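Student: any chance you can model this:
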Amino acid sequence: MDALEALNTRRSIRAFTPRPVSLDIVRELIRAAMHAPSAGNEQPWHFLIITDREILDKIPDFHPYAGMISESPVSVLVCGDPRQEKHPGMWVQDCAAATQNLLLAAHAKGLGAVWVGVHPREDRIEPLRKLIDLPEVVVPFALIPIGHPAESPESEDRYRPELIHLNKW
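Tutor: Purely as a prediction, here's the structure:
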């Protein structure tokens with residue numbers, strides 16, 4: 001799949017088959033995530049692979065939009081470490097770029113994934129931090145359930161020329 005096809009056909013997948021995803025493939029997705037741009041090449045991210053069913057099944061107890069995690073065999077938690085910043089405040093954008101790369105890589109590999117937001121919601125950050133023993137200095141940014149898709153939503157053209165401006169508003 002070429003880059004433009006991946007960009008134009010990626011959809012959020014919220015239903016997964018029970019088929020497992022190998023850790024080698026998950027590491028491949030994380031490798032793609034780590035190739036994202038970051039301010040000053042600071043790369044202020046960490047990635048936690050979660051396969052423990054007990055951990056995964058507790059997340060919907062405190063995250064109202066994480067119900068699909070009960071079907072995913074693996075999730076990746078993208079975290080930011082503000083101590084690694086060369087440019088204060090940019091870790092959020094850096095982690096967002098890494099998250100998008102991970103989603104596109106999953107799609108290119110024929111997997112389904114969805115971005116489940118965590119940061120900046122303290123009601124999601126703190127319970128997740130406790131559940132996985134996350135150091136206080138590391139911020140959970142986004143949780144990405146990954147699996148073999150049990151749905152295939154149609155792609156839609158989201159191009160809207162009225163949102164494009166040239167030189168001035």
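Student: isn't Asp57 right up against Glu71?
Tutor: No: counting by CB atoms under 8 Å, Asp57 sits too far from Glu71 to count as a contact (10.7 Å). In short, each C-beta sits where N, CA and C put it, glycine included.
Student: so Ser75 lies in a strand, does it not?
Tutor: Yes: assessed with DSSP: H, G, I helix; E, B strand; the rest coil, Ser75 lies in a strand.
Student: distance from the chain centre to the strand or helix carrying Arg129, please.
Tutor: Arg129 is located in helix 122-131, with elements delineated by DSSP states H and E. Here helix 122-131 is found 17 Å from its chain centre; the criterion is CA atoms, centre = their mean, to the nearest Å.
Student: just stretch 147-158 next, same as before
Tutor: 16 Å.
Student: mind listing what's buried in the helix holding Arg129?
Tutor: 124-125, 127-129, 131 (16 or more other CB atoms under 10 Å).
Student: dump the residues you listed into a markdown table; add pLDDT and distance to Asn101 as well.
Tutor: Output for the buried residues of helix 122-131, formatted as a markdown table (pLDDT from 0 to 100; distance: CB to CB, whole Å):
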| residue | pLDDT | distance to Asn101 |
| --- | --- | --- |
| Arg124 | 98 | 22 |
| Ile125 | 98 | 22 |
| Pro127 | 98 | 27 |
| Leu128 | 97 | 22 |
| Arg129 | 97 | 24 |
| Leu131 | 98 | 25 |
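Student: quick revisit: and Asp57 and Glu71? which has more neighbours close in?
Tutor: Glu71 (16 against 11; other CB atoms under 10 Å).
Student: how many residues are close by the residue nearest to that one when sequence neighbours are not counted?
Tutor: Sequence neighbours aside, Phe16 is the residue nearest to Glu71 in space, at 4.4 Å (criterion: CB to CB, 6 or more residues apart in numbering). Using other CB under 10 Å, Phe16 has 25 other residues around it.
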